[in-house]
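Q: Kindly generate the corresponding structure for this input.
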Amino acid sequence: MGIIKLAFVSLKKDMSKSIFYFLTFLLTTIFIFSFFNLTFNPYSGIHLGKDDTTFVTPIAVFVIVIAMLCVFLANNFYVSNKGKEISIILMSGASIYQLGFYLFLQVFIIMLCAIPLGLILGYLLIPTINSLFMMTFKYSGQLFYLSSQTFPATFMILAFEVMWCSMLNLGYCVRSTINSMIHDKNKIDLSGLKGPQITSKVFIVFYFVPMFLFLFVKDSTSYMFIALFGLIGISGLIKKVLPEFIRKRQRNNSLENSEDLIALGFFHSDIQKIFGLLLISLLSSVLLTCMIVYTIKQPLVSMVALMSYVSVMILMSLTIVFKIGMELSKRKGNFENLCRLGFSLGQLKRIIKKEMICFYGVILLLPLSYQIIILCNLLLRAKITFYLFLTILIIQIVPLLISYLLSMKLYKGILPTSIIMEK
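A: All right, here's what the predicted structure looks like:
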């Protein structure tokens with residue numbers, strides 16, 4: 001009974017973090033439900049599985065996997081942030097299974113609220129989606145058409161998510177030790193494997209070569225394979241090239257500009273801690289753009305890819321804000337120390353702005369560097385319209401811009417204004 005009460009107290013205490021986790025699961029539920037209902041609608045002209053003669057099935061698999069990864073990452077961020085709470089429970093004599101139940105109960109309560117609401121909102125979105133298809137294509141079905149396969153397929157995916165989140169959380173409890181949790185160093189490891197050692201120069205070449213190749217590509221299929229090659233370079237830029245560049249800047253300019261030194265240090269910490277999430281975000285942006293381009297001669301499939309792109313970008317942006325919020329709670333002490341060292345409120349705000357501009361600049365500009373070249377090449381050859389060109393760029397930029405503004409607001413909320421006022 002004490003564990004149950006403690007779980008509810010923890011939910012109330014971490015309300016803002018719980019809300020972000022809730023929103024991630026809510027949007028994932030809406031997206032999966034809407035996507036399945038659209039693809040199972042016989043009037044939409046879309047077919048999945050063996051009857052699919054288009055590119056819808058690979059798109060469906062890709063976007064559903066991305067949506068599930070967003071939930072797993074959000075779960076990882078949420079649970080990994082509870083290290084000190086878990087250590088206290090363990091020191092109080094709780095068993096691993098009681099600890100697992102403590103985490104499961106919190107996650108289950110959030111999911112219990114998010115899933116029904118997500119299904120209701122998904123159902124209410126059906127006429128909007130069908131109306132869009134009616135305006136764009138020859139859709140003759142009912143506006144509120146609900147396929148009998150939608151609920152079973154949605155529940156199967158959601159049940160898989162709940163099961164794996166529970167297993168990951170239990171595994172986190174089993175692997176964790178009191179000391180590692182107190183220091184917040186233990187995290188749910190989804191990979192644990194190191195890639196081959198490649199030099200920074202090779203990663204830079206891998207990044208720039210696709211830009212050159214995109215200019216000469218005439219076959220839409222080739223864009224996707226070249227982009228996959230380029231993603232190796234992008235991952236290397238984030239993991240190896242950028243950290244080396246930051247360390248050099250810190251050594252060269254550390255005495256000249258203390259604000260840049262601190263901002264670059266925070267930025268370095270951000271890209272290292274959110275590397276997996278950044279890579280998934282960049283992968284989604286580039287590949288979904290290539291899928292839209294690849295299916296451009298199939299307007300129906302291209303529309304599905306475009307709608308998937310919108311959903312994935314919203315989910316990824318929310319997950320990024322969620323992770324940033326988790327990290328900010330640990331950074332409050334750093335700002336308090338900076339205040340005691342004599343930094344003013346204006347200086348702290350400039351540090352935050354520089355860090356966030358660098359962070360979101362990387363997320364935005366790396367995929368845009370590929371997207372703009374691909375889209376301009378297609379636009380000049382009259383393969384796409386300017387309207388589609390603009391739409392893809394808006395889908396890429398707007399969610400991340402909103403994410404940047406939310407992160408700035410969350411960040412400024414941790415500034416120790418009381419200490420500054422005392423001075």
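
Q: name the element residue 409 belongs to?
A: Following DSSP states H and E, one finds residue 409 within helix 386-412.

Q: Check which residues of that helix are buried.
A: For helix 386-412, a neighbour-count test (16 or more other CB atoms under 10 Å) marks 388-389, 391-392, 395-396, 399-400, 403-404, 406-408, 410-411 as buried. Yep, even glycine has a C-beta here, placed from its N, CA and C like the rest.

Q: Which strands or helices does that helix pack on?
A: Counting contacts by 3 or more CB pairs under 8 Å, 6 or more residues apart in numbering; DSSP states H and E, helix 386-412 is packed against helix 275-294, helix 299-340, helix 345-380.

Q: Among those, which comes closest to residue 246?
A: Proximity to residue 246 (CB to CB) singles out helix 345-380 among the helices and strands packed on helix 386-412, at 9.1 Å.

Q: Out of the helices and strands packed on helix 386-412, which one sits most buried?
A: Ranked by mean neighbour count, these are led by helix 275-294 with a mean of 22 (mean count of other CB atoms under 10 Å).

Q: counting contacts, what elements does that helix pack onto?
A: Where contact means 3+ CB pairs under 8 Å, 6+ apart, helix 275-294 is packed against helix 56-80, helix 220-236, helix 299-340, helix 345-380, helix 386-412.

Q: Quick one: these as TSV, columns for mean pLDDT and distance to residue 288 too.
A: Output for the helices and strands packed on helix 275-294, formatted as TSV (pLDDT from 0 to 100; distance: least, CB to CB, whole Å):
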stretch	mean pLDDT	distance to residue 288
helix 56-80	80	8
helix 220-236	83	10
helix 299-340	81	4
helix 345-380	88	10
helix 386-412	88	9
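
Q: Identify whichever of those helices lies nearest to residue 122.
A: Of all the helices and strands packed on helix 275-294, helix 299-340 sits nearest to residue 122, with 11.4 Å by CB to CB.

Q: circling back: dump the helices and strands packed on helix 275-294 to TSV, plus distance to residue 37.
A: Listed next are these as TSV, based on distance: least, CB to CB, whole Å:
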stretch	distance to residue 37
helix 56-80	12
helix 220-236	27
helix 299-340	12
helix 345-380	29
helix 386-412	22
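
Q: quick one, which of the ones you listed is nearest to residue 214?
A: In terms of CB to CB, the element of the helices and strands packed on helix 275-294 nearest to residue 214 is helix 345-380, at 4.6 Å.

Q: what's the angle from the closest one to helix 299-340?
A: 160 degrees (axes from the mean of the first three to the mean of the last three CA atoms, to 10 degrees).

Q: where's residue 152 relative to residue 415, distance?
A: Residue 152 sits 49 Å away from residue 415 when distances are taken as CB to CB, to the nearest Å.

Q: The two: who's more crowded?
A: Legend: neighbour count by other CB atoms under 10 Å for residue 152 and residue 415, higher for residue 415 (18 against 11).

Q: so what's the more buried one up against?
A: 335, 345, 348-349, 352 (CB atoms under 8 Å, 6 or more residues apart in numbering).

Q: quick revisit: closest one to residue 108 among the helices and strands packed on helix 386-412?
A: Taking CB to CB, helix 299-340 is the member of the helices and strands packed on helix 386-412 nearest to residue 108, at 18.6 Å.

Q: Now for residue 201, how many residues are close by?
A: Residue 201 has 10 neighbours, counted by other CB under 10 Å.

Q: ditto for residue 231
A: Using other CB under 10 Å, the number of residues around residue 231 comes to 21.

Q: what's near enough to touch it?
A: By CB under 8 Å, 6+ apart, the contact list for residue 231 reads 279, 282-283, 286.

Q: Kindly provide the distance from residue 343 to residue 258.
A: Going from residue 343 to residue 258 by CB to CB gives 8 Å.

Q: Kindly report the same for residue 400.
A: The gap separating residue 400 from residue 258 is 29 Å, by CB to CB.

Q: can you check residue 274 too?
A: Here residue 274 is placed at a distance of 25 Å from residue 258 (CB to CB).

Q: more crowded one of those two?
A: The residue with more neighbours, out of residue 274 and residue 258, is residue 274; 22 against 16, by other CB under 10 Å.

Q: which one of the helices and strands packed on helix 386-412 lies closest to residue 28?
A: For those, the distance to residue 28 is smallest for helix 299-340, at 6.5 Å, taking CB to CB.

Q: list the helices and strands that closest one packs on?
A: helix 15-39, helix 56-80, helix 126-136, helix 258-273, helix 275-294, helix 345-380, helix 386-412, helix 417-422.

Q: could the contacts of residue 415 go into a markdown table alongside distance to residue 3?
A: Formatted as a markdown table, the contacts of residue 415 follow (distance: CB to CB, whole Å):
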| residue | distance to residue 3 |
| --- | --- |
| 335 | 34 |
| 345 | 42 |
| 348 | 40 |
| 349 | 42 |
| 352 | 38 |
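
Q: Can you tell me which of these comes closest to residue 128?
A: residue 352 (37.6 Å).

Q: Which residue comes closest to that closest one once chain neighbours are left out?
A: Leaving aside its sequence neighbours, residue 352 sits nearest to residue 411 (CB to CB, 6 or more residues apart in numbering; 4.9 Å).

Q: ditto for residue 378
A: residue 384 (4.6 Å).

Q: That neighbour: what's it in contact with?
A: Per CB under 8 Å, 6+ apart, neighbours of residue 384: 293, 296, 375, 378.

Q: mind running it again at 10 Å?
A: By CB atoms under 10 Å, 6 or more residues apart in numbering, the residues touching residue 384 are 220, 292-293, 296, 302, 374-378, 391-392.
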